[in-house]
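**Q** structure here, sequence nowhere to be found:
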């Protein structure tokens with residue numbers, strides 16, 4: 001469930017299949033891998049702004065059809081994998097719906113500006129002193 005109480009459960013599609021890896025006696029018999037599919041653009045409970053936020057923040061998990069896909073296969077039970085999928089889904093969606101914070105412009109203090117200009121002057125003098133002049137090599141003659 002979203003933080004504001006909306007429930008997206010009716011827009012979710014679960015697909016199960018056989019999980020990879022070791023599984024003991026049930027390895028080739030039980031479909032424990034759970035794939036959650038959620039079409040972001042077809043959901044009527046989300047506003048257009050929320051759909052854009054989700055699409056932007058979770059673009060790596062959304063395919064070309066606009067489906068948000070999440071897979072869990074760590075547990076040996078389909079039910080536990082489904083629960084983990086749902087928890088991860090709502091956590092990701094709630095995180096994606098948090099609007100980005102606006103950046104506050106900060107001004108440099110006078111002391112920082114003075115320190116910076118003095119540092120620039122020191123660097124300029126250092127470079128100027130490295131230079132060659134007509135009289136620099138002829139003092140001994």
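**A** Nice, thanks for sending it over. Keep in mind the model is a prediction, meaning the values are calculated, not measured.
**Q** need the strands for this protein, in chain order.
**A** 12-17, 33-39, 67-72 (DSSP state E).
**Q** any chance of these in CSV, plus mean pLDDT and distance to residue 45?
**A** Just so you know, the C-beta spots here come from the backbone N, C-alpha and C atoms, and that holds for glycine as well. Formatted as CSV, these follow (pLDDT from 0 to 100; distance: least, Cβ to Cβ, whole Å):
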stretch, mean pLDDT, distance to residue 45
strand 12-17, 88, 12
strand 33-39, 92, 11
strand 67-72, 91, 14
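**Q** next, count neighbours for residue 105.
**A** The tally of other residues near residue 105 (other Cβ atoms under 10 Å) stands at 5.
**Q** quick one: low-confidence ranges for this structure?
**A** Residues of the chain that meet the criterion pLDDT under 70 lie in 21-27, 135-141.
**Q** how close does residue 91 sit to residue 3?
**A** Note on residue 91: its distance to residue 3, by Cβ to Cβ, to the nearest Å, is 11 Å.
**Q** hang on, I meant residue 10
**A** Residue 10 sits 18 Å away from residue 3, taking Cβ to Cβ as the criterion.
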